[in-house]
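> Let me see the structure of the following:
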Amino acid sequence: MEPPRAAYPKDARLRRARDFQPVRTRGRRHVGAQAVVRAVRNDVGRARLGIASPRSYGDAVRRNRFRRLVREAFRATAATFPAVDLLVEPRRDLREPDLGAIAADLAAAVRRLA
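Predicted structure coming up:
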């Protein structure tokens, strides 16, 4: 028997500007070791994730690696989160992103919201 798949379906993503806007304006900000995470409760019934990786962070390879690690950290921990929207941005001084530290930043932001 296969273990349950940790999915990242479309309904778990912030995809449109109207989804991002409430998180940017009303979200509680948590500055972690690897990322700046904004969190706000939602009425969707599940945790959703949005990622903002600006060009000022680095080249495409660096930005995409950060995004991949954030998505993986979210997949691994989203089942423990309440209905919350998260917006994650890399810290400007971040050199090498780490999966465990990003997961800890996500969890800390959710705890701070609660």
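
> what stretches of the protein score poorly on pLDDT?
Residue ranges of the chain with pLDDT under 70: 1-7.

> any chance you could map the helices in it?
For the chain, applying DSSP state H gives helices covering 17-26, 60-77, 99-113.

> residue nearest the centroid of the chain?
Val88 (4.3 Å; CA atoms, centre = their mean).

> Surely that one and Gln34 touch.
No - using CB atoms under 8 Å, Val88 is not in contact with Gln34; the gap is 9.2 Å. Where you see a C-beta, it was placed from the backbone N, CA and C, and this is true even at glycine.

> Can you check which residues contact both of the two?
Residues touching both Val88 and Gln34 (CB atoms under 8 Å, 6 or more residues apart in numbering) are Ile102, Asp105.

> just the helices of the chain: most buried one?
Most buried of those, by mean neighbour count (mean count of other CB atoms under 10 Å): helix 99-113, with a mean of 19.
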